[in-house]
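Chemist: build the 3D model from these lines:
(2 chains)
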There are 2 protein chains.
Amino acid sequence: MISVKEAQELVLQRASLFLVETIDIEQAYGRTLAEDMVADRDYPPFNRAAMDGYAFRSKEASEVTEWEITGDLFAGHQWDKAIEKGQCIKIMTGATTPSELDCIVQVELASVANGKVSFPNAPTRPWQNIARKGEDCASGDRILKAGTQLYPTEIATLAVLGKKEIKVLRNPKLAILSTGDELVPVGDPVSPFQIRDSNAHSLTAFFQSLHIPISHKAIVKDTPEMLEEALQKVISYDIIILSGGVSMGDADYVPGILQKIGIQKVFHKVQLRPGKPLWFGQNPNGGVVFGLPGNPLSCQVCFKLFIEPYVRKCAGLESKNQLVYPIAFAKKKKVKLDEYFPVELQNGVLYPIRFNGSGDITSTLGSTGLALHPIHVEDLPEGTLLEYISWV
Amino acid sequence: MISVKEAQELVLQRASLFLVETIDIEQAYGRTLAEDMVADRDYPPFNRAAMDGYAFRSKEASEVTEWEITGDLFAGHQWDKAIEKGQCIKIMTGATTPSELDCIVQVELASVANGKVSFPNAPTRPWQNIARKGEDCASGDRILKAGTQLYPTEIATLAVLGKKEIKVLRNPKLAILSTGDELVPVGDPVSPFQIRDSNAHSLTAFFQSLHIPISHKAIVKDTPEMLEEALQKVISYDIIILSGGVSMGDADYVPGILQKIGIQKVFHKVQLRPGKPLWFGQNPNGGVVFGLPGNPLSCQVCFKLFIEPYVRKCAGLESKNQLVYPIAFAKKKKVKLDEYFPVELQNGVLYPIRFNGSGDITSTLGSTGLALHPIHVEDLPEGTLLEYISWV
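Modeler: Prediction:
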C-alpha cells in the first residue's frame, strides 16, 4: 500500500495540459487562456478627454483670457471643424480630443459668461486632463500571456481589446459512474434497503466549483456485464470517475473490469482514511480513471486529494497554497493511516465536527474543509498545527 | 459628498432577502437554502454492513467455531431466508444486515475451508462493523437550516435525503445598461474614436463569481429618449446597473432620467477614487439602481464596494471577513478621498501594480484585488497594514 504523497505524485505525473478550444468571451469565467493576447491598437486609442471641461491649445493660454466656445464634443463623435486661435471646445469625458488641442480645464474650474469661458485660477499645462494615445500600451504589445486565468478584470481587458472569440484550454470530457445495486437516483422512490446516489451530486458540485461541466453520468448495476458496457460507452473520455465497487467484496468488479478493458492500473489502495480502497489507472488514450470508494465522505476526500489537483494541473492552474491552522481540540490517533477529517475553520482556528456512529449525514455538517492527522504522528494536543484543505 | 462607509450603509439598509424559488438539485451550487431540511427516514436507514465480511449472531460465537455459510448478501438486496444457529451469511459493504444478526467479521480476518468459515483471532463483539439504523440521525431531525449555503458537502447531504427539488432564495432579476455613444459591442468593428463596451463583461464575470446570471444587457446611446426607453424596459427588475453618464458632462443624463421615471435618489457622489460619481437610488417597487462611472476600473471598484455587499446581503450570505495585509512599497497620498488601487497579494504581502498614464489596460494586470489608502491617512510607509478586497 502506497502513501498519500506517493499516490498524489503518481496521479500528477499523468496530468498534461488539456487541448485548446475557442469560446465566446461570455463563457470565459474561470478558464485558462491558451494564447498570448496582444493589443490590436494603441491604448488609449486616441487622445482621450479624462474630464468634462474645455479643450484648447495650451500655448495660447498666456495670451487668451476669454475663450470662444466653438462647439460641443461628445464621446463617440469625431470633431471635423477648424479651431481658430482663441477658440476652445466644450468636451465630454471619453471624447476624442482633436489632435491640435493639448489641454483640458475641467468644467468645475471654468466660468462661463456671455458665451465665453475663462479659467481664472486653473492650471493650463500641456496634456493636462488628456490620456494620450498609446500612453498605456502600444499596438502589438503582449497584454495577457497564455496560461493566465480569466477572472473579471482579465475578462474586462479582453473586452477592451475586442477579443470576442478566445482560445482557452478546453474542458475535459468527464464521466461519473456510480456503481451499486443499492443506488437509486435522487427523486426516485427508495426501498428500505436502498440509498440514493449522492456521490454523483457531490462530484458534480465539486466540478462546478472548478467551472467544469460533467459530460456523462450514470448509475451502474453491480454486474460485470453492466459495468463493462457502461465503461465502454465512455472509454474515450479524458476522465472517468467511478464510485463504489473498489474494495474487497464479491461484487467489487471495478478493478478487474477496468484492467480487462485495457486501463492500466497505476495503484490500488492508499494509506488513507477515509479513502483507502482508491484505485487509479491510466487509459492508453491519455485519459485516466479514478475508482473511488462508495462511502460519501471517502469520495469527497479522494476528490480533494487526487482529482482536484489532477484537474488543476491539466487546466494549467497553479497548485493551491498549503494552509496550516491550529486545532481547538485534542485528537487521538485512531489508525496508522493519513487521517483526513472534516473541520470548521473559524477565525484562523480549526474546530471539530461532532458526530456519532456512521456519520452518514452529520459527518460534514457545518464543516468548511478537511484537516490531516498524519500517519506517523501520534495523539494531537490542542493547538497542534494541521494541514487544512478547504471544501471550495 | 458622503463617505464610502456612509454610502455602504445606505446601500445595505435597502438590502432585503430575495424571494424564494424551487430549483433542481443540479442547479443548487452556491445557492442559499430557503427552507429547513429534515430527514425523511432514519440514517442509516437500515443496519448497514460497514465491511465486506461474515455476519452472524454474536451470542453464538462462544459456542460455534466453524460457521456454515448459508448465502451471499449484496448491497441493495433483501435477505429473505431463515438463518439457523451456527449459520452465517457472507455480506458485502453497504448491504442491509438481517435484523437477527448483530456481528460482522471482516473478510480479511476469516479463514474459509470446506465451505465453512472460522475467525480464529477476530473479535466478535455485538454490533461490530455494523452502522446501526438511526445512529446518525432520526427521521424528522432537522439536518440543514434555512439560510445554509449550498456547496458540495451540503449538496451531497441533500442528495442522501432525497431532496431533488429545493427551495432556495431566488436569483435577482438583473439588468446591465452600458451608456455612451462611444461604445461598441465586443466583436464589432470599432472606429478610431470608439471603444468597446468592457464594463458589461466585467460585471457579468463578477456576477458569475456569485453564480448569478444577468437577465438583460444592452448598450444605450447618450440621448434622454433612448435612456428612458431602455430603463422603462427593465423598470420592474430587482437590480439595474448603469455604467457611464453619471458625472458632470452635458451628456450625463442618467441622474435626471432616473429621477424622472420615479427612482428616488439615495446619494450621488462618494468620497472615493476611483468611483466618485457613483449614483444610487431606490426603485419604489423595492429594487435598486446603481449608476456607475464608465471608467472600467471605477466600475470594478464600485462593484466590489457596493454591489457585491448588497447582493450578498440579499442572498442571505454573511458579509466577508475584512482582510488586512502589509504593503511591500511606500505610497503617497494623492487626493483627499478613500483611494482603492489594484495590488497583487503574494504570500501575505501586497505588491504594487506598475502602470503609467491612464492605465486603460494595464492598471489591473496581474492584480489579485484592491487595497485601500484611507481618506484621512497621509503617505503610507512600507509595511503599513491596508484593508484588502480580493477580486474573486
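Chemist: when you work out contacts or count neighbours from here on, use the C-alpha atoms and nothing else.
Modeler: Noted.
Chemist: show me the helices in the stretch 151-300 of chain A, by range?
Modeler: Using DSSP state H, counting those that start in this stretch, the helices found in the stretch 151-300 of chain A span residues A:152-160, A:199-209, A:224-233, A:254-260, A:296-302.
Chemist: so which elements touch the fourth one?
Modeler: Counting contacts by 3 or more CA pairs under 8 Å, 6 or more residues apart in numbering or on different chains; DSSP states H and E, the secondary-structure elements packed against helix A:254-260 are helix A:224-233.
Chemist: what is the burial count for A:Pro45?
Modeler: Per other CA atoms under 10 Å in any protein chain shown, the neighbour tally for A:Pro45 reads 24.
Chemist: what about the closest residue to it other than its chain neighbours, which helix or strand?
Modeler: Closest residue to A:Pro45 apart from its sequence neighbours, by CA to CA, 6 or more residues apart in numbering or on different chains: A:Lys133 at 5.3 Å. When elements are assigned from DSSP states H and E, A:Lys133 belongs to no helix and no strand.
Chemist: for B:Gln194, see how far away A:Lys133 is.
Modeler: As judged by CA to CA, to the nearest Å, A:Lys133 and B:Gln194 stand 13 Å apart.
Chemist: more neighbours: the two, which one.
Modeler: For the pair A:Lys133 and B:Gln194, the greater number of neighbours falls to B:Gln194 (22 against 18), based on other CA under 10 Å.
Chemist: starting at the chain centroid, how far to the lowest-mean-pLDDT helix or strand in chain A?
Modeler: Of all the helices and strands that make up chain A, the one with the lowest confidence by mean pLDDT, DSSP states H and E is helix A:254-260; it has a mean of 92. In this view, helix A:254-260 has its centroid 33 Å away from the chain centroid, taken as CA atoms, centre = their mean, to the nearest Å.
Chemist: and that helix, what's buried?
Modeler: Neighbour counts using 16 or more other CA atoms under 10 Å in any protein chain shown place A:254-255, A:257-258 of helix A:254-260 among the buried residues.
Chemist: all the strands of the stretch 1-150 of chain A, in order from the start?
Modeler: Using DSSP state E, counting those that start in this stretch, the strands of the stretch 1-150 of chain A run over residues A:20-24, A:37-38, A:48-49, A:53-56, A:67-73, A:87-91, A:103-106, A:111-113, A:116-118, A:130-131, A:142-144.
Chemist: got the angle between the fifth one and strand A:87-91?
Modeler: Meaning strand A:67-73. If you take axes from the mean of the first three to the mean of the last three CA atoms, to 10 degrees, strand A:67-73 sits at 40 degrees to strand A:87-91.
Chemist: burial count for A:Pro284?
Modeler: A:Pro284 is flanked by 12 other residues according to other CA under 10 Å.
Chemist: before we move on, what about A:Asn321?
Modeler: By the criterion of other CA under 10 Å, A:Asn321 has 8 neighbours.
Chemist: remind me which residues of chain A are low pLDDT?
Modeler: A:355-357 (pLDDT under 70).
Chemist: where exactly do the strands run in the stretch 201-350 of chain A?
Modeler: A:216-220, A:239-243, A:264-268, A:272-273, A:279-282, A:288-292, A:323-326, A:338-346, A:349-352.
Chemist: what parts of the stretch 251-392 of chain A come near chain B?
Modeler: A:251, A:296, A:300, A:355-362, A:364-365, A:391-392 (CA under 8 Å from any CA of the partner chain).
Chemist: any chance of a PyMOL selection covering the buried ones in these?
Modeler: What follows is the PyMOL syntax for the buried subset of those, where burial is set by 16+ other CA under 10 Å:
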select buried, chain A and resi 251+296+300+355+358+359+360+361+362+364+365+391
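Chemist: show me what contacts A:Leu305?
Modeler: Taking CA atoms under 8 Å, 6 or more residues apart in numbering or on different chains as the criterion, A:Leu305 is in contact with A:Gln8.
Chemist: cutoff 10 Å now
Modeler: Applying CA atoms under 10 Å, 6 or more residues apart in numbering or on different chains, one finds that A:Leu305 lies in contact with A:4-5, A:7-8, A:275, A:340, A:389.
Chemist: just to revisit the earlier point, mind putting the strands of the stretch 201-350 of chain A into JSON lines with mean neighbour count?
Modeler: Formatted as JSON lines, the strands of the stretch 201-350 of chain A follow (neighbours: other CA atoms under 10 Å in any protein chain shown):
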{"stretch": "strand A:216-220", "mean neighbour count": "18"}
{"stretch": "strand A:239-243", "mean neighbour count": "24"}
{"stretch": "strand A:264-268", "mean neighbour count": "17"}
{"stretch": "strand A:272-273", "mean neighbour count": "24"}
{"stretch": "strand A:279-282", "mean neighbour count": "24"}
{"stretch": "strand A:288-292", "mean neighbour count": "25"}
{"stretch": "strand A:323-326", "mean neighbour count": "16"}
{"stretch": "strand A:338-346", "mean neighbour count": "21"}
{"stretch": "strand A:349-352", "mean neighbour count": "20"}
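Chemist: which one of those strands lies nearest to B:Arg312?
Modeler: Using CA to CA as the criterion, the shortest distance between B:Arg312 and these is 19.4 Å, found for strand A:338-346.
Chemist: which neighbouring elements make contact with that closest one?
Modeler: Using 3 or more CA pairs under 10 Å, 6 or more residues apart in numbering or on different chains; DSSP states H and E as the contact criterion, the elements in contact with strand A:338-346 are strand A:272-273, helix A:296-302, strand A:349-352, strand A:369-373, strand A:385-390.
Chemist: residues making contact with the third one?
Modeler: Spelled out, that is strand A:349-352. Among residues not part of strand A:349-352, those counted as contacts by CA under 10 Å, 6+ apart are A:324-331, A:341-345, A:366-371, A:383-386, A:388.
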